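Asks: one predicted model, sequence on top.
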Amino acid sequence: GAGVSQSPRYKVAKRGQDVALRCDPISGHVSLFWYQQALGQGPEFLTYFQNEAQLDKSGLPSDRFFAERPEGSVSTLKIQRTQQEDSAVYLCASSERTVSYEQYFGPGTRLTVT
Amino acid sequence: EDKVVQSPLSLVVHEGDTVTLNCSYEVTNFRSLLWYKQEKKAPTFLFMLTSSGIEKKSGRLSSILDKKELFSILNITATQTGDSAVYLCAVDQAGTALIFGKGTTLSVSS
């Protein structure tokens, strides 16, 4: 079956622009996670959904970051008024269960803010 | 503060060598430790460890967890150039977010 997909794969935005990043999790996966990975670093947690409910958004770096998963499947991460420090790879992962279980990652969206 | 520390940060070996990658952690509400391989794209799952002292193996890769000393190791025997990648260690904290280390970059030369 299909894995986690993300679009776009690459995005270049001018500082101040808004961007929207899409994640299609594996069908039927209950949990969905967003991570930010800066160059040379491990992924850092941004936010977590269980079905359509956003249960944890403690990792979102500022109120310019917003995520939603309105129907419990596809999720969108929106960044408003992008800044250069937002440049990173944004990874989406999904997990079949709500308890400890392996997370499957998408290919990521590489965002470059100029 | 919760943290996961991997060492070394980078490693260069020759094909056929055996390598050991280290991961130590200090987290609250530990549930499991996971190893991922990342090759310029999505991290791919290798192992999930929940119990101390039980080795998990997959081909030339193996891993073990020590919950008393709070660390895990990932061993790769008879390395191949295809093993070149970043190896990420992550701790599952209470079944939600994964806390990742910075990764170990392994380069295997032929």
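Replies: Yep, it's here. Residues are numbered from 1 along each chain as shown, chains lettered A, B, ... in the order given.

Asks: so who does the nearest residue to residue B:26 once chain neighbours are set aside touch?
Replies: Nearest residue to residue B:26, sequence neighbours excluded (CB to CB, 6 or more residues apart in numbering or on different chains): residue B:3, at 5.5 Å. The way it works is simple: take the backbone N, C-alpha and C, and place the C-beta from them, glycine included. Applying CB atoms under 8 Å, 6 or more residues apart in numbering or on different chains, we find residue B:3 in contact with B:25, B:26, B:27, B:99.

Asks: and if we set it to 10 Å?
Replies: Contact analysis of residue B:3 by CB atoms under 10 Å, 6 or more residues apart in numbering or on different chains lists B:24, B:25, B:26, B:27, B:91, B:99, B:101.

Asks: again with residue B:71
Replies: Counting by CB under 10 Å, 6+ apart, residue B:71 makes contact with B:5, B:7, B:22, B:23, B:24, B:25, B:33, B:64, B:65, B:89.

Asks: now these as JSON lines including pLDDT, neighbour count and secondary structure?
Replies: Converted to JSON lines, the contacts of residue B:71 look like this (pLDDT from 0 to 100; neighbours: other CB atoms under 10 Å in any protein chain shown; DSSP: H, G, I helix; E, B strand; the rest coil):
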{"residue": "B:5", "pLDDT": "97", "neighbour count": "14", "secondary structure": "strand"}
{"residue": "B:7", "pLDDT": "97", "neighbour count": "14", "secondary structure": "strand"}
{"residue": "B:22", "pLDDT": "98", "neighbour count": "15", "secondary structure": "strand"}
{"residue": "B:23", "pLDDT": "98", "neighbour count": "27", "secondary structure": "strand"}
{"residue": "B:24", "pLDDT": "97", "neighbour count": "17", "secondary structure": "strand"}
{"residue": "B:25", "pLDDT": "96", "neighbour count": "22", "secondary structure": "strand"}
{"residue": "B:33", "pLDDT": "93", "neighbour count": "24", "secondary structure": "strand"}
{"residue": "B:64", "pLDDT": "96", "neighbour count": "18", "secondary structure": "strand"}
{"residue": "B:65", "pLDDT": "96", "neighbour count": "25", "secondary structure": "strand"}
{"residue": "B:89", "pLDDT": "96", "neighbour count": "31", "secondary structure": "strand"}
